[in-house]
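S.K.: fold the stuff below for me.
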Amino acid sequence: MSHIAVERNRRRQMNEHLKVLRSLTPCFYIKRGDQASIIGGVIEFIKELHQVLQSLESKKRRKSLSPSPGPSPRPLQLTSQPDTPFGLENFKELGACCNSSVADVEAKISGSNVILRIISRRIPGQIVKIINVLEKFSFEVLHLNISSMEETVLYSSVIKIGLECQLSVEELALEVQQSFRSDAVYANEI
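M.R.: Model prediction:
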């Protein structure tokens, strides 16, 4: 009887650990709910976290070796938030905002992805320009939601950071913001 109880306890612990792993991993890494899929998804997620970490470390080394050009006139502000999704309490969520009269852009790093939120007036074809900017800098759109109310639109997206991406979250927010500038100039000319 003790062997059966020990085995039941082992299975219970395994299931609890799998639940924790599943809760710590973004849902798009885990295709199915079986044990092999959960473990495989967690492995992929950890590999991507390692790649992002290596990329950030090499970028930090490059910045420390290059002379600082001085303060940037860009309207960006870095934020650091202790509560991150997926229960990763040991990681900080980094983000940047770039606001103008045309659009407010917010980009936050979450794991190996970026959560991008943009509020602007409705501009036909603007989402195509935003996606072109993202693809130009090796980002891949995983999820996109567009909500609108009268003349205001909210674009919310989850974007995968590509391995070739050399852009910081601040630079991403600025690049997306600049995709609105040509429309603003054009609208003022009309």
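S.K.: return the helix or strand in this structure with minimum mean pLDDT.
M.R.: Lowest mean confidence among the helices and strands of the chain (mean pLDDT, DSSP states H and E): strand 76-81, at a mean of 36.
S.K.: next SSE after that one?
M.R.: For strand 76-81, the succeeding helix or strand toward the C-terminus, using DSSP states H and E, is strand 93-99.
S.K.: I'd like the average pLDDT over that next one.
M.R.: Over the span of strand 93-99, the pLDDT mean works out to 72.
S.K.: what of stretch 1-17?
M.R.: Stretch 1-17 comes out with an average pLDDT of 92.
S.K.: for the residue nearest the centre of the chain, name its beta-bridge partners.
M.R.: By C-alpha atoms, centre = their mean, the mean C-alpha position of the chain lies nearest to V114, the distance being 1.2 Å. With DSSP bridges applied, V114 shows beta-bridge pairing to I109, I159.
S.K.: next, the angle strand 93-99 makes with the lengthiest helix in the chain.
M.R.: When every helix of the chain is counted residue by residue (DSSP state H), the longest turns out to be helix 35-65. If you take axes from the mean of the first three to the mean of the last three C-alpha atoms, to 10 degrees, helix 35-65 sits at 60 degrees to strand 93-99.
S.K.: other SSEs contacting helix 35-65?
M.R.: Contacts of helix 35-65 with other secondary structure elements, assessed using 3 or more C-beta pairs under 8 Å, 6 or more residues apart in numbering; DSSP states H and E, are made with helix 2-24. Bear in mind the C-beta positions are built from the backbone N, C-alpha and C, glycine included.
S.K.: packing partners for the helix it packs on?
M.R.: Of the remaining helices and strands, those touching helix 2-24 by 3+ C-beta pairs under 8 Å, 6+ apart are helix 35-65.
S.K.: can I assume V105 sits in a strand?
M.R.: Yes. Note on V105: a strand contains this position according to DSSP: H, G, I helix; E, B strand; the rest coil.
S.K.: do you know the pLDDT at it?
M.R.: Taken from the predicted model, the pLDDT recorded for V105 is 87.
S.K.: how about the longest helix of the chain: buried residues?
M.R.: Along helix 35-65, these residues count as buried under the neighbour rule (16 or more other C-beta atoms under 10 Å): I38, G41, V42, F45, E48, V52, S55.
S.K.: measure the third one to R10 for me?
M.R.: Which is V42. In this view, V42 and R10 are 20 Å apart by C-beta to C-beta, to the nearest Å.
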